[in-house]
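# quick one, structure for this:
(2 chains)
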Amino acid sequence: GAVVSQHPSWVICKSGTSVKIECRSLDFQATTMFWYRQFPKQSLMLMATSNEGSKATYEQGVEKDKFLINHASLTLSTLTVTSAHPEDSSFYICSASKGFTGALTDTQYFGPGTRLTVL
Amino acid sequence: EDQVTQSPEALRLQEGESSSLNCSYTVSGLRGLFWYRQDPGKGPEFLFTLYSAGEEKEKERLKATLTKKESFLHITAPKPEDSATYLCAPGSNSGYALNFGKGTSLLVTP
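Model prediction:
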């Protein structure tokens, strides 16, 4: 159990275009979803946290208008990179958790990632 | 401010040569210490969660332990398929998010 999918697995786009990445929890309902980006040989950097039906919370330094996050249902979150530029090229990974379980942090289950290349 | 440091950054082992990976953390109110494995070009795969000092968990050749300041991932008689980057991440009172360490890149050679 606890399977998370992402689509697409890789995408190449031209500078100035927008790209949408989908993240789905396949066998559980995800109260909270997270979006990370990862540069080569570096660790995961949290971009934003989203809860179903509410606005995402962005980390400091992440542009809200550039990285649009929608968490429309308990199984789907989308990240749209608007007006993408070469510096946005990265590996984007989503994760999903069942929720904040009282005083304990819930386990995050990760998707396989999306490789974005902006030309 | 929550901090997490993993060591060593890279580790090369011969098949069958046991070792340990370290994760040192400073957080405001630990709410779980998570270990993940990440293969190149893939998302992290969940391994363990530890919630209290003294707790241990095992899975095949891996055993994770936790103290109030550190967690160790012990690898016993590793095989080449254990080669990956191992990430630790403490959860804290700061919120839902996990603060990931930079990871230890493990290479096990035949």
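# and for A:Pro112, the neighbour number?
Counted by other Cβ atoms under 10 Å in any protein chain shown, the residues lying close to A:Pro112 total 15. C-beta here means a position set from N, CA and C on the backbone, and glycine is covered the same way.
# wait, doesn't it sit right on A:Ser5?
Yes. The pair A:Pro112 and A:Ser5 passes the contact test of Cβ atoms under 8 Å, sitting 7.2 Å apart.
# report the contact partners of residue 9.
No chain specified, so I'll use chain A. Contact analysis of A:Ser9 by Cβ atoms under 8 Å, 6 or more residues apart in numbering or on different chains lists A:Pro112, A:Gly113, A:Thr114, A:Arg115.
# that answer is for a different chain, and I need it for chain B
Residues B:Lys102, B:Gly103, B:Thr104, B:Ser105 are the ones in contact with B:Glu9 under the rule Cβ under 8 Å, 6+ apart.
# with respect to B:Pro78, which of the residues you listed is nearest?
For B:Pro78, the nearest member of those is B:Thr104. The distance, counting by Cβ to Cβ, is 12.6 Å.
# pretty sure that closest one sits against B:Ser83.
No. At 11.4 Å, B:Thr104 and B:Ser83 do not qualify as touching, with contact defined as Cβ under 8 Å.
# higher neighbour count, the two?
For B:Thr104 and B:Ser83, the more surrounded residue by other Cβ under 10 Å is B:Thr104, and the numbers stand at 22 against 17.
# who does that one form a beta bridge with?
Here B:Thr104 sits in beta bridges with B:Tyr86, going by DSSP bridges.
# ok, B:Phe72 next?
Beta-bridge pairing of B:Phe72 under DSSP bridges involves B:Asn22, B:Thr65.
# does it touch B:Cys23 like I think?
Yes. Checked against Cβ under 8 Å, the pair B:Phe72 and B:Cys23 is within contact range at 7.3 Å.
# so for the two, which sits in the more crowded spot?
Relative neighbour count places B:Cys23 above the other of B:Phe72 and B:Cys23, with 26 against 16, counting by other Cβ under 10 Å.
# give me the three-state assignment for the closest residue to A:Val118 other than its chain neighbours.
By the measure of Cβ to Cβ, 6 or more residues apart in numbering or on different chains, the closest residue to A:Val118 outside its immediate chain neighbours is A:Ala84, 4.5 Å from it. Counting by DSSP: H, G, I helix; E, B strand; the rest coil, the backbone at A:Ala84 sits in coil.
# alright, calling it a day.
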